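# Coordinates only, no sequence provided:
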């Protein structure tokens, strides 16, 4: 079944410039664009990510934190936010368009204007805690998208599924005490940021962590995803699934040691779409997180979006 998939992007993602050698670089977006400009993706509905108001970030972060990030924006050069998270003059605009792209995708999917959406923006967001930036992340885009679905569209239950190789400590922190949002993650452990043990379950048992070990391949990932996440999602019955779509579990990625290939991301996408069709009218919004080998990222995005399109 071919479905209508919205592709949300904006050239300002390229203006979030990082120092030479930093893995979270503009070339990541160019790799995504190259993958999706092929003829086989001509049916994508494409739009530019709108710029969110700064206050939109307060759906997941305290106002004081949001204002602190805005004040840190430099006129030139770089500002070091933490050991590996920096801002350049184009960063604040990029992150606001990333937030705006995610909330726009939620609006379109919840209104039935498209079946699902992929938001290809940077910087990523899932390491940003309520009031702490880290791991290349400033505002938690996936968390903001989930909260927007509940506040603006009355979604009763939202699930965030994160298959980035690094645990989404920020998303876990934001929803630790929220009974209406499930956060489910597969990730390599031990690895940065050090969170994500199976015993971390949240105040309402809505945190689901399925850690994998270095060297685990696609077969191990699929078995763990099926047993540890799919069954829990099915029981939770979400109105919307938000995917924190990091592709650094690909075997080519330099920042970790899992052995997935692009077909594994396509498979996981299809499994989540099946749950979404069963409980939430097929509603899925995917937001780009990590993925630092450009070839692995390009191939993985292509497989992911191909699956979103119902192929």
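Yep, it's here. The shown structure was predicted, so the numbers you read here are calculated from the model rather than taken from an experiment.

# How much space separates residue 189 from residue 212?
For residue 189, the distance to residue 212 equals 7 Å [Cβ to Cβ, to the nearest Å]. Every residue, glycine included, has its C-beta placed from N, CA and C.

# Looking only at neighbour counts, state which of those two leads.
Taking other Cβ atoms under 10 Å, residue 189 and residue 212 do not tie; residue 212 has more neighbours (25 against 20).

# tell me the contacts of the spatially closest residue to that one that is not a sequence neighbour?
Closest residue to residue 212 apart from its sequence neighbours, by Cβ to Cβ, 6 or more residues apart in numbering: residue 188 at 5.6 Å. Residue 188 is in contact with 165, 166, 211, 212, 213, 214, 216, 249, 256, 257, 258, counting by Cβ atoms under 8 Å, 6 or more residues apart in numbering.

# Return the closest of those residues with respect to residue 311.
Residue 311 lies nearest to residue 249 out of those, by Cβ to Cβ, at 22.0 Å.

# Distance check, that closest one against residue 218.
Distance of residue 249 to residue 218, given as Cβ to Cβ: 9 Å.

# Mind checking which of the two has more residues around it?
Neighbours per residue, other Cβ under 10 Å: of residue 249 and residue 218, the larger number sits with residue 249, 29 against 21.

# Next, show the common contact partners of residue 249 and residue 218.
If you check residue 249 and residue 218 against Cβ under 8 Å, 6+ apart, the residues they both contact are 260, 264.

# Find the nearest non-adjacent residue to residue 195, please.
residue 169 (4.3 Å).

# how close does that neighbour get to residue 253?
On the measure of Cβ to Cβ, residue 169 and residue 253 end up 19 Å apart.

# And residue 296, by the same measure?
In this structure, residue 296 and residue 253 are 6 Å apart, going by Cβ to Cβ.

# so what sits against both of those two?
By Cβ under 8 Å, 6+ apart, the residues touching both residue 296 and residue 253 are residue 247.

# And the contacts of residue 188, which of them are buried?
165, 166, 211, 212, 216, 249, 256, 257, 258 (16 or more other Cβ atoms under 10 Å).

# Can you add pLDDT and distance to residue 232 and give those residues back as CSV?
CSV is the format used below for the buried ones among the contacts of residue 188 (pLDDT from 0 to 100; distance: Cβ to Cβ, whole Å):
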residue, pLDDT, distance to residue 232
165, 98, 20
166, 98, 21
211, 98, 15
212, 98, 16
216, 98, 20
249, 98, 20
256, 98, 24
257, 98, 26
258, 98, 21
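
# Spell out which residues sit in contact with residue 276, please.
Taking Cβ under 8 Å, 6+ apart as the criterion, residue 276 is in contact with 116, 238, 240, 241, 282, 283, 284.

# and the third one, what are its phi and psi?
What that stands for is residue 240. Phi and psi for residue 240, reported as degrees, to the nearest 10, are phi -150, psi 140.

# And the fourth one, by the same measure?
Main-chain torsions, residue 241, degrees, to the nearest 10: phi -110, psi 130.

# what are the bridge partners for it, then?
residue 159, residue 284 (DSSP bridges).

# tell me the centre residue of this structure?
Nearest to the mean C-alpha position of the chain, by Cα atoms, centre = their mean, lies residue 244 at 2.5 Å.

# Can you tell me which helices and strands the strand or helix carrying that one packs against?
Per DSSP states H and E: residue 244 is located in strand 240-245. Here strand 240-245 is seen to pack against helix 91-110, helix 141-153, strand 158-162, helix 262-279, strand 284-288 when contacts are counted using 3 or more Cβ pairs under 8 Å, 6 or more residues apart in numbering; DSSP states H and E.

# Show me the one of these that comes nearest residue 3.
Closest of these to residue 3 is helix 262-279, at 8.5 Å (criterion: Cβ to Cβ).

# so the residue nearest to the centre of the chain makes contact with residue 165?
No: Residue 244 lies out of contact with residue 165 (Cβ atoms under 8 Å); the separation is 11.3 Å.

# Tell me the one of the contacts of residue 276 nearest residue 14?
Distances from residue 14 to these, taken by Cβ to Cβ, are shortest for residue 116, at 24.9 Å.

# gap between the closest one and residue 89?
34 Å.

# So between the two, which is more surrounded?
When neighbours are counted by other Cβ under 10 Å, residue 116 and residue 89 differ, and residue 116 comes out ahead with 27 against 16.
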